[in-house]
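Engineer: Everything below, folded, please.
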Amino acid sequence: MSLPPADPTRHDPHPPAEFGPPLGAGPDADLVQLLTPEGERVHHPEFDLDFSVEQIRGFYRDMVLVRRLDVEATALQRHGELGLWAQLLGQEAAQIGAGRAVRPQDFVFPTYREHGVAWCRGVDPLKLLGLFRGVDHGSWVPAEHHFGQYTIVIGAQTLHAVGYAMGMQRDGVVGTGDAARDAAVLAHFGDGASSQGDVNEAFVFAASYQAPVVFFCQNNQWAISEPIERQSRVPLFHRSRGFGFPGIRVDGNDVLATYAVTQAALQRAREGQGPVFVEAYTYRMGAHTTTDDPTRYRLSSDVESWKLKDPIARVEAYLRRNGLVEQAFLDDVAAEADALGHTLREGCKALPDPDPMAIFDHVYADPPPELVAQRDGYAAYRAQFEEVAR
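Structural biologist: You can find the predicted model right below:
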């Protein structure tokens, strides 16, 4: 199983049509798929894998629990317990497939929506809620989980990812042939971020230095209210050709295909063959965030058609039609989701308010004099009120 090398001599002769996608840019163009929306297992000449029943059941469990996390967090925001929430509804397969393809020594750079990847990396979901509740800045330890902090600046994490990947090269953990040692970086971003300068600069550096990084784009087709056809006149995965590395499009609602493609791309990077661009073609069934109203810019019929491609339903359909699951297993997962929901509701409301002085912590290893002066000045200001209270 391998990814083809980039062909710098190939040209895409697609003249842009006004306000419309180019020829060959449809959702099925060069799409890697292993599981159809109806739950039928299909095969691919380059990216096929033999999945165990337990592995597929594990994917199903992951997606159900992560969806419950998303539903509970949305409800908590509606009840005033969170300031904001970035939904992942419909994108569970893209995140779980990619997250489970990562090895322990790899490092992941997320945006602000990779709750499913965080789940795969062992980050406590309550720590995610604390970030959106505004009581901390993301209190998980990146070095412990090999999972970076959420990034709000659109696309900035791709440059961080390339820099980290270049550091891996210099640390001698790329291309050694030792499967327990060789490592790569997985950088997440969305279709909207692909229009940002930071992302394109990251492509330049990654290609120039053959950095071991996989650029994983969840193309959910909406950059807030801007449709993908207004952002790019060619399929997004074609863009990497201009930078000199391969790109591939995968059915982002197919957890099996997403896992297989991401695994192959990461292995290529670990072996020292340079970067890969993976476009996971999916759909954001929810809002961009809980401050967004998607009914103002997209058709309800589109949402309904994508519900038929639900990533969880297709795995359940596959398991049922092949007699690979008992109702007891599905009931157990549902019960586990209910328990998770209870934990999240109660745990979120119990999160302690932060010490106001904590805003000065964990910013610099050696705080500069001006920050020390600000901290001391604020501490003195607070002390005045404590004296009055006494």
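Engineer: Let me know how buried the residue nearest to residue 73 when sequence neighbours are not counted is, in neighbour terms.
Structural biologist: Closest residue to residue 73 apart from its sequence neighbours, by Cβ to Cβ, 6 or more residues apart in numbering: residue 85 at 4.7 Å. Glycine gets a C-beta too; all of them are placed from N, C-alpha and C. Residue 85 is flanked by 27 other residues according to other Cβ atoms under 10 Å.
Engineer: Would you mind naming the helix or strand containing residue 85?
Structural biologist: Secondary structure assignment for residue 85, by DSSP states H and E: no helix or strand.
Engineer: Dihedrals phi and psi, it?
Structural biologist: Per-residue torsions, residue 85: phi -150, psi 130 (degrees, to the nearest 10).
Engineer: so what's it up against?
Structural biologist: Contacts for residue 85 were tallied using Cβ atoms under 8 Å, 6 or more residues apart in numbering; they are 70, 73-74, 76-77, 132, 289-290.
Engineer: Export those as TSV, with columns for secondary structure and neighbour count.
Structural biologist: Formatted as TSV, the contacts of residue 85 follow (DSSP: H, G, I helix; E, B strand; the rest coil; neighbours: other Cβ atoms under 10 Å):
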residue	secondary structure	neighbour count
70	helix	23
73	helix	27
74	helix	19
76	helix	20
77	helix	20
132	helix	22
289	coil	16
290	coil	19
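Engineer: Identify the farthest-apart pair in those residues.
Structural biologist: Using Cβ to Cβ, the pair of the contacts of residue 85 lying farthest apart is 76 and 289, separated by 13.6 Å.
Engineer: Mind jotting down where the helices sit in the stretch 101-250 of the chain?
Structural biologist: 115-120, 125-133, 142-145, 156-170, 197-208 (DSSP state H, counting those that start in this stretch).
Engineer: Columns pLDDT and distance to residue 95 on top of the contacts of residue 85, output as TSV?
Structural biologist: Formatted as TSV, the contacts of residue 85 follow (pLDDT from 0 to 100; distance: Cβ to Cβ, whole Å):
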residue	pLDDT	distance to residue 95
70	98	10
73	98	14
74	98	16
76	98	20
77	98	20
132	97	17
289	95	17
290	96	19
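Engineer: Among these, which one lies nearest to residue 378?
Structural biologist: Set against residue 378, the nearest of the contacts of residue 85 by Cβ to Cβ is residue 132 (24.9 Å).
Engineer: What separation is there between that closest one and residue 87?
Structural biologist: 11 Å (Cβ to Cβ, to the nearest Å).
Engineer: which one is the residue nearest the centre of the chain nearest to, not counting chain neighbours?
Structural biologist: Centroid-nearest residue in the chain: residue 114, 3.8 Å away (criterion: Cα atoms, centre = their mean). Once flanking residues are discounted, residue 114 sits nearest to residue 188: 5.3 Å by Cβ to Cβ, 6+ apart.
Engineer: Residue 155 too?
Structural biologist: residue 196 (3.6 Å).
Engineer: how many other residues sit next to the one you found?
Structural biologist: If you count neighbours by other Cβ under 10 Å, residue 196 ends up with 18.
Engineer: ok, how many other residues are close to residue 139?
Structural biologist: 16.
Engineer: just checking, it touches residue 129?
Structural biologist: No. The pair residue 139 / residue 129 is not scored as a contact, 10.9 Å apart, by Cβ atoms under 8 Å.
Engineer: Tell me the buried residues in stretch 374-390?
Structural biologist: Neighbour-count burial for stretch 374-390 flags residue 375 (criterion: 16 or more other Cβ atoms under 10 Å).
Engineer: Just the mean pLDDT for it, thanks.
Structural biologist: Mean pLDDT, stretch 374-390: 87.
Engineer: mind checking how far that stretch is from the chain centre?
Structural biologist: In terms of Cα atoms, centre = their mean, to the nearest Å, the gap separating the centre of stretch 374-390 from the centre of its chain is 42 Å.
Engineer: For it, C-alpha coordinates in PDB please.
Structural biologist: Taking C-alpha atoms only, stretch 374-390 is exported to PDB below (Å, rounded to 0.1, in the frame of the first residue of the first chain):
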ATOM      1  CA  GLN A 374       2.300  43.500  35.000                       C
ATOM      2  CA  ARG A 375       1.800  40.500  37.200                       C
ATOM      3  CA  ASP A 376       3.100  42.300  40.300                       C
ATOM      4  CA  GLY A 377       1.000  45.300  39.600                       C
ATOM      5  CA  TYR A 378      -2.100  43.300  39.200                       C
ATOM      6  CA  ALA A 379      -1.400  41.400  42.400                       C
ATOM      7  CA  ALA A 380      -1.000  44.700  44.300                       C
ATOM      8  CA  TYR A 381      -4.300  45.900  42.800                       C
ATOM      9  CA  ARG A 382      -6.100  42.800  44.000                       C
ATOM     10  CA  ALA A 383      -4.600  43.100  47.400                       C
ATOM     11  CA  GLN A 384      -6.200  46.500  47.900                       C
ATOM     12  CA  PHE A 385      -9.700  44.900  47.700                       C
ATOM     13  CA  GLU A 386      -8.700  42.100  50.000                       C
ATOM     14  CA  GLU A 387      -7.600  44.700  52.600                       C
ATOM     15  CA  VAL A 388     -10.900  46.500  52.300                       C
ATOM     16  CA  ALA A 389     -12.800  43.200  52.700                       C
ATOM     17  CA  ARG A 390     -11.000  42.500  56.000                       C
END
